[in-house]
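Novice: Below are the sequence and a predicted model; questions follow.
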Amino acid sequence: MADLTHLDAQGRVRMVDVTAKSPSERLACAQARV
């Protein structure tokens, strides 16, 4: 799981420093049915 920057080698969640990233525009769409 080392390819995922938010997970450590054991698969646990870890904080990632994003202060150097440029702002970007994103669009997310989600749908659910219960």
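Specialist: Everything's here; your move.
Novice: Leaving out the residues flanking it, which one is nearest to the spatially most central residue of the chain?
Specialist: By C-alpha atoms, centre = their mean, the chain has its centre lying nearest to His6, at 6.1 Å. What sits nearest to His6 in space, not counting adjacent residues and going by C-beta to C-beta, 6 or more residues apart in numbering, is Val16, at 5.5 Å. C-beta here means a position set from N, CA and C on the backbone, and glycine is covered the same way.
Novice: now the helices: where do they sit in this structure?
Specialist: Listed in chain order, the helices found in the chain under DSSP state H amount to none.
Novice: May I have the residues that are in contact with Met3?
Specialist: No Met there; residue 3 is Asp. When contacts are counted by C-beta atoms under 8 Å, 6 or more residues apart in numbering, Asp3 is found next to no other residue.
Novice: What's the local residue count around Ala30?
Specialist: Residues lying near Ala30 (other C-beta atoms under 10 Å) number 4.
Novice: same question, Leu7
Specialist: The local packing count at Leu7 equals 14, with neighbours defined by other C-beta under 10 Å.
Novice: For Cys29, give its distance to Leu4.
Specialist: In this view, Cys29 and Leu4 are 22 Å apart by C-beta to C-beta, to the nearest Å.
Novice: Of the two, which one has the most company?
Specialist: Leu4 (11 against 4).
Novice: For that one, give its distance to Ser24.
Specialist: Between Leu4 and Ser24 the distance, using C-beta to C-beta, works out to 19 Å.
Novice: In the protein, which residue sits furthest out from the middle?
Specialist: Of all residues in the chain, the one whose C-alpha sits farthest from the chain's mean C-alpha position, using C-alpha atoms, centre = their mean, is Val34 at 25.9 Å.
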